[in-house]
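*Asks:* Need coordinates for the following:
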Amino acid sequence: MSIPGSMVTTRQELPGFVVEKNLGVCFGLVVRSVGFAKSFTGGIRGLWAGEVPEYTQVLEDARRHALDRMIDNGTLLGANAILQVYFESSDVGQMFTEVVAYGSAVVVRPASKEQTEP
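*Replies:* A predicted model of the protein is given here:
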């Protein structure tokens, strides 16, 4: 079983679905380094105001990687959806950045008509 992207959300519920089972927290963690070349170029760009694309790209890649790992972890737990997804990041020393994605691994099923009507 895998978890489609549409079944991963920051919300507490999925419209049209009922949570049958909460499997606990699932997470994905990645630690990235910018590397010498990007660090040098980014450091020079950082002297002026504005975006530093070298760092932006590293963080975007890290966030996607952490999200993919979280989905893999949720799948291992037996989930078909992940609710209440959050991201956190922090520095590890002066050269590394840690990005964590975490959420609630759950098993959901489509809600019946009676459960969705007021």
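*Asks:* C-alpha only now, for contacts and for neighbours.
*Replies:* OK.
*Asks:* Report the beta-bridge partner residues of residue 82.
*Replies:* Taking DSSP bridges as the rule, residue 82 bridges to residue 8, residue 105.
*Asks:* In contact with it, which residues are there?
*Replies:* Contacts for residue 82 (Cα atoms under 8 Å, 6 or more residues apart in numbering) come out as 3, 7, 8, 9, 71, 74, 103, 104, 105, 106.
*Asks:* Give the residue spans of this structure that score low on pLDDT.
*Replies:* 1, 34-52, 113-118 (pLDDT under 70).
*Asks:* what residue is smack in the middle of it?
*Replies:* Geometric centre of the chain, nearest residue: residue 67, 3.2 Å, by Cα atoms, centre = their mean.
*Asks:* circling back to that earlier point, just give me the closest of the contacts of residue 82 to residue 17.
*Replies:* Ranked by distance to residue 17 (Cα to Cα), the contacts of residue 82 are led by residue 7 at 10.1 Å.
*Asks:* Residue 5: neighbour count?
*Replies:* 11 (other Cα atoms under 10 Å).
*Asks:* Need phi/psi at it.
*Replies:* Residue 5 adopts backbone torsions of phi -60, psi -30, taken as degrees, to the nearest 10.
*Asks:* how about stretch 67-77: buried residues?
*Replies:* Neighbour-count burial for stretch 67-77, with 16 or more other Cα atoms under 10 Å as criterion, is recorded at 67, 68, 69, 70, 71, 72, 73, 74, 75, 77.
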